[in-house]
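Novice: fold the following and give me the result.
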Amino acid sequence: MNNPLVSWLMPVYNSEKFLRRALDSMLNQTYQDFEIIIVLENSCTDKSKEICEEYAARDNRIKIHYKVGGLGIAESLNQGLKVCGGKYIARMDADDYSYPERLEKQVSYLESNPEVGILGAKARIINGQRVYDTYEDGVPDSEEIRVRLLFEDCILHPTVVLRAEIFNKEGLEYPTDNKAEDYALWASLISKVKFSILPDVLLDYYIHGENVCSVNFDKIRTDSAKVSRQAIHRELDIDTCNYLDRVFGWRTYDPMPSDISGFLFESLDLIDTVRRANDAQKKFDVAVMEKVLENEWKKALNTIAYYGEIDCLKQPVRKLNKEKIGKVFCKLEEHISSDRKRKVILYGTGRYSNALVQNMGDDDYPFEIIAVCDSDARKQGTVFHGFQVIAPNQISSYDYDFISIATPLYAEEIKDSLLNNYNVKPDKILDLPLCTIATHYRRKLSLERYKHLCGERKAYLFCAPDYGNLGDHAIAVGEHYFFQKNFGIDIEEVPINRFDENISIVMEHIKPEDIVLVTGGGFLGSLWEQGEFQARKVVSLFPDNPVLILPQTLYWEASHEWDIEKARTRQAYENHKKLVLCARDVETYRIMIEAYPKCKVITAPDMVLAYGWKEFINRDTERESALLCLKTDKESILTDRDWERLKEIAAEACGTASVCSTNLDEMISEKRRDVFLRMKLDEFSRARLVITDRLHGLLFSVITGTPCVAMNNCNHKLRATFEWVKHIPNLRFADSIDKVKHLAKEVLSVGQVEYCASDFRDHFKELEMTVELLIDNKGQEAKNVRRY
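Specialist: As a prediction, this is how the structure comes out:
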C-alpha cells in the first residue's frame, strides 16, 4: 500500500471529553488521502485509550503508538514524527475541531506553492463564552511572520500543515527542554523555511483548564522569552543577555511591572538595538521590521495600563528616546510631590471620567476634584458623582490649578476651545492624564507599604474589599484581628480593584516565608467571577509561598462554560504544594473536596465571628422598629410580592419597618471601613427585629444581639452558615415566607441576646492549627479530616 499524502499527528492524554469531536473532525475531511498517527500516553486515567482503540478498530488509517507517560508533549510529537509516512504532516490536538475543508485547502496550497514549508491558518478561539478569530488585524505575510517570530509565536500550532522533509533534511525535532516547543521549532527555522498562513478559519481552538497551555502557562511564558532572546541573538547577532525576560516573548497577560520607567527604557532599548542591527544587516525587510517594532511598543504600553494613556508615549516608537520618557516621569513626580493639594476641574462626564472617579475611591491624593465640566447642555446642571456639572463658561468663576481633559477622543478640540473661547491659559491644562497621575501616586504609596520593615514576616491579603459590601469589610476586620491576636502578624491588604497595579510590587517585595491570603467571603465559583479569577491567579503567581484561602462559600453553576473554569481552578489549586482551602460551611466543604480532591480543605465559620465587636456597638441604643435587610442582586430569589408581604409582616410585628442593605453603592477603602461599619451596626442595634436573606444581615444581627429571622437565597450560603449560630435563642431560619410571621413572634419573645465571640473560639481551632503549620512550612502535611 502506498503511503498516504498526509499524516495527521495527534498526541493524546486524558482527553476523553473532547476526543470524539477531534477524531470525527479529522475523519470527516473533504480530502481523504491521509493516515492518523495517535501517540497515546500509557498513563491515561480516563477512557482516552478505549476511545482511540474503538476508532482504530473501525478505520485502519488510524494507528496508535503507545508511549510511557510523563515525558511531555514534545517527546510525544517526536515519537510520532518517526512513524509518519505522509509527504505532509498535519498537526492536531485532541481537544480541538478541524473544519471539513481544512486538509483540502492546506494541501492544495502547499502543492501549488512548493517554496512554502510550514503553513498555518486562521482559527476560531473558544474561551468559555468569549469567541473570536485569530489575526483580527489581518493575516501576516511570509516576511512579517519571520520578523514576528523574533518576538513571539505568531502561528497557532494545531492549524499547521508542514512538509515532512523539513524534519528529514534538517534532522530536526521538537525541543524537549522547552514548554514552548512549537515556537522554539519555528524560531529555529526563521532563515531556513518559508512560512505562510491561510486567511480562512479552518480550526476551532478550545481554551480550558485541562489543555497544555492552561496547565503550563507560567512555564510557557518563561520559555517563550528564552526562545525570543535566542532568536534575536541568532538572527541579528545581538547580545541579549543583559535584558530581562519581561521584554521578550509572549507578554499578553504579564502583570504591570513594578518599575514602569525602567521597563519602558529597557523595551525601547531593545527595539532600538534590533532596528539598528537590521538597518545595518538588511536581514529582514526594513518596513516590515518597523511595523513589528511598533507593535512591540504597543504591547509594552498595554502592559502598563493607565501609563499607556500618556500622549507622548503613544507617538511612533522611532520618535521616542529615553530623554522623552524620562521627562514624562519627572512630570509625574512633580504632580504627586506638590507641597499643597492641587485643585482640578475634570472636563467630561463619559466613561473615562466615570472610571477615573470610581477608581480613585477615597484615597488622599495630592489633588482634589473641585468641579466637573461638560459642553453638552443636556448634562449641565445634572449631578455626576456628587458634583453638579458646569458649563465651560462657568470655569472662570472657580479658583483652580488645572483642568484635566478626560475625553481622549476629542481632547485636542476641547483644548483648542478652552484656549480660544474661554481664555484658559495653556499652563492651566493638565499635561498628563489625571488617571495616570492618580495611578502613579497610588503605586508610590504601595511601594512603601509593601516593603518589609525590620524583616518581620507579613501576610498579604488578596481580593481585599475596596467596594461597598460591608459584610466583606467586616470579614477583613475579623481577619486582621485573628492574625494579629493569634500570631502577631500584621496583614497588608491588596484591594481587589487595585490588583493589576499592585501585584508586581508585591511580587518584588514578598519573601518566601510570607503568607499569601485570599480574603474570606462568598465569591468563589461562578457567582462573582472577578473574585474567582483573581483568587485563581493569586494561587498561580505565588507557587513558593504558603497560600491560605480564608473561610469561603463555593458555588459552581452547572454549565459547560463553568465546567471549563472549574477545571482551570482545579489545575491551579492542585499544582500548588502549600495551598489550604477553608470552607465557610459543611456544604462548601463537600463541594470543595469533590471539585479539588487533591487539595487540603478545612472548615471555619465566617471570619466576622472571630472578633468581639464591642468597640463598634453602642449597647445603650434604644430599639425602635423592624429592619428588612434583603438582597437586590443576582443571589436574591424574592419577588416583588414577597417584598410586600415581608414589609407587612415586619410592620405588624414591630409597628414600623424600614429597609436597609449591607451593600452600599460606593467605593469604601480600608481607611474608611470602620466608619461605615459603625454606622451600619448602629442601624442593626436600633432594630427590635431583623428579617434578612443576606448572610451578613444574619451575622450583623448576631453581633448586635438583635432578634433575627433568616431566609434562603439562590444558593446554600446563608442556610449553611446558619448552622454555626443556630444555638443562639433569638435566631430562626424560615424555609418559606409563610413561616416568617410565626418565627418573628418567637424571636421577639426571646428579645436581645448578647454576643460572645468566645462561643465560637473552638470552631476556629482548626484554622489556627493550619496557620501554625503554614508558618512552619508544613502546609500540606495535615489530612482532610472532618470533625462533624
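
Novice: give the bridge partners for the closest residue to residue 56 other than its chain neighbours, please.
Specialist: Take residue 56 and drop its neighbours on the chain: the residue closest to it by Cβ to Cβ, 6 or more residues apart in numbering is residue 62, 4.2 Å away. From N, CA and C alone the C-beta is placed, and that goes for glycine too. For residue 62, the beta-bridge partners are residue 36 (DSSP bridges).

Novice: the domain parsing of this protein - what is it?
Specialist: The chain breaks down into these domains under automatic domain parsing: 6-215, 237-331, 343-440, 452-610, 614-754.

Novice: so where's the stretch 51-200 of the chain uncertain?
Specialist: Within the stretch 51-200 of the chain, the ranges that satisfy pLDDT under 70 run 68-71, 170.

Novice: next, count neighbours for the closest residue to residue 480 other than its chain neighbours.
Specialist: In space, residue 480 comes closest to residue 491 once its chain neighbours are excluded; the distance is 5.2 Å by Cβ to Cβ, 6+ apart. Residues lying near residue 491 (other Cβ atoms under 10 Å) number 20.

Novice: who's in contact with residue 433?
Specialist: Counting by Cβ atoms under 8 Å, 6 or more residues apart in numbering, residue 433 touches 306, 309-310, 404, 406, 408.

Novice: please check those residues and keep the buried ones.
Specialist: 306, 309-310, 404, 406 (16 or more other Cβ atoms under 10 Å).

Novice: circling back: burial count for the residue nearest to residue 56?
Specialist: 21.

Novice: likewise residue 2?
Specialist: When neighbours are counted by other Cβ under 10 Å, residue 2 registers 6.

Novice: low-confidence ranges, the stretch 651-788 of the chain, go.
Specialist: Ranges of the stretch 651-788 of the chain meeting pLDDT under 70: 778-788.

Novice: where along it do the strands fall?
Specialist: Along the stretch 651-788 of the chain, the stretches classed as strands by DSSP state E, counting those that start in this stretch are 657-660, 687-692, 708-711, 731-734.

Novice: right, so of those strands, which gets closest to residue 160?
Specialist: Nearest to residue 160, of all the strands of the stretch 651-788 of the chain, is strand 708-711, at 57.0 Å by Cβ to Cβ.

Novice: can you give me the strands for the stretch 251-400 of the chain?
Specialist: So, for the stretch 251-400 of the chain - with DSSP E, counting those that start in this stretch - the strands run 342-347, 367-373, 383-384, 387-390.

Novice: how long is stretch 705-720 end to end?
Specialist: 20 Å (Cα to Cα, to the nearest Å).

Novice: so residue 137, which of the three states?
Specialist: coil (DSSP: H, G, I helix; E, B strand; the rest coil).

Novice: tell me how many other residues surround it.
Specialist: If we define neighbours as other Cβ under 10 Å, then residue 137 has 6 of them.

Novice: distance of it from residue 708?
Specialist: Distance of residue 137 to residue 708, computed by Cβ to Cβ, to the nearest Å: 57 Å.

Novice: measure residue 226 to residue 641 for me?
Specialist: Here the criterion is Cβ to Cβ. By it, residue 226 lies 63 Å from residue 641.

Novice: those two: which is more packed in?
Specialist: Taking other Cβ under 10 Å, residue 226 and residue 641 do not tie; residue 226 has more neighbours (18 against 9).

Novice: residue contacts, the more buried one?
Specialist: So residue 226 contacts 178, 180, 245, 248-249 (Cβ under 8 Å, 6+ apart).

Novice: buried stuff in whichever strand or helix holds it?
Specialist: For residue 226, the element it lies in under DSSP states H and E is helix 217-236. Within helix 217-236, the residues that count as buried by 16+ other Cβ under 10 Å are 217, 220-232, 235-236.

Novice: still on that earlier bit, would CSV of the strands of the stretch 651-788 of the chain with distance to residue 169 and mean neighbour count be doable?
Specialist: Formatted as CSV, the strands of the stretch 651-788 of the chain follow (distance: least, Cβ to Cβ, whole Å; neighbours: other Cβ atoms under 10 Å):
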stretch, distance to residue 169, mean neighbour count
strand 657-660, 76, 18
strand 687-692, 74, 26
strand 708-711, 73, 29
strand 731-734, 74, 20
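
Novice: wait, which of those strands is closest to residue 34?
Specialist: Proximity to residue 34 (Cβ to Cβ) singles out strand 708-711 among the strands of the stretch 651-788 of the chain, at 61.4 Å.

Novice: quick one on the thing from earlier: select, out of the domains of the chain, the one closest to residue 770.
Specialist: domain 452-610 (5.4 Å).

Novice: what helix or strand is residue 649 on?
Specialist: Assigned by DSSP H and E, residue 649 falls within helix 640-654.

Novice: quick one: buried residues of that helix?
Specialist: Neighbour-count burial for helix 640-654 [16+ other Cβ under 10 Å]: 642, 645-647, 649-650, 653-654.

Novice: between these, which is nearest residue 744?
Specialist: Looking across the buried residues of helix 640-654 and measuring by Cβ to Cβ, the closest to residue 744 is residue 653, at 4.6 Å.

Novice: nearest residue to that closest one in space, please, no chain neighbours.
Specialist: Spatially, and ignoring its direct neighbours in sequence, residue 653 is nearest to residue 744 (4.6 Å; Cβ to Cβ, 6+ apart).

Novice: give me the neighbour count for that neighbour.
Specialist: Residue 744 is flanked by 26 other residues according to other Cβ under 10 Å.

Novice: and the one 4 residues further on, by the same measure?
Specialist: Other residues within reach of residue 748 by the criterion other Cβ under 10 Å amount to 16.

Novice: can you tell me how far the closest residue to residue 478 other than its chain neighbours is from residue 515?
Specialist: Leaving aside its chain neighbours, residue 478 sits nearest to residue 607 (3.6 Å; criterion: Cβ to Cβ, 6+ apart). The gap separating residue 607 from residue 515 is 15 Å, by Cβ to Cβ.

Novice: ok, residue 309 next?
Specialist: The gap separating residue 309 from residue 515 is 35 Å, by Cβ to Cβ.

Novice: let me know whether residue 394 touches residue 373 as I believe.
Specialist: Yes. If you go by Cβ atoms under 8 Å, residue 394 and residue 373 touch, sitting 7.5 Å apart.

Novice: right, and the domains of the chain - which one's nearest residue 762?
Specialist: domain 452-610 (10.4 Å).

Novice: turn the strands of the stretch 651-788 of the chain into JSON lines, columns for distance to residue 487.
Specialist: Listed next are the strands of the stretch 651-788 of the chain as JSON lines, based on distance: least, Cβ to Cβ, whole Å:
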{"stretch": "strand 657-660", "distance to residue 487": "35"}
{"stretch": "strand 687-692", "distance to residue 487": "33"}
{"stretch": "strand 708-711", "distance to residue 487": "32"}
{"stretch": "strand 731-734", "distance to residue 487": "31"}
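
Novice: pull the contacting residues for residue 51.
Specialist: With Cβ under 8 Å, 6+ apart, residue 51 has these contacts: 16, 19-20, 23.

Novice: again, only this time at 6 Å
Specialist: Contacts here follow Cβ atoms under 6 Å, 6 or more residues apart in numbering; on that basis residue 51 touches residue 19.

Novice: what's the helix or strand for it?
Specialist: Taking DSSP H and E as the criterion, residue 51 maps to helix 48-58.

Novice: mind checking the longest helix of this protein?
Specialist: Secondary structure of the chain per DSSP state H: the longest helix is helix 260-281.

Novice: on that earlier part again, from residue 433, how far out is the residue nearest to residue 56?
Specialist: Applying Cβ to Cβ, the value for residue 62 to residue 433 is 58 Å.
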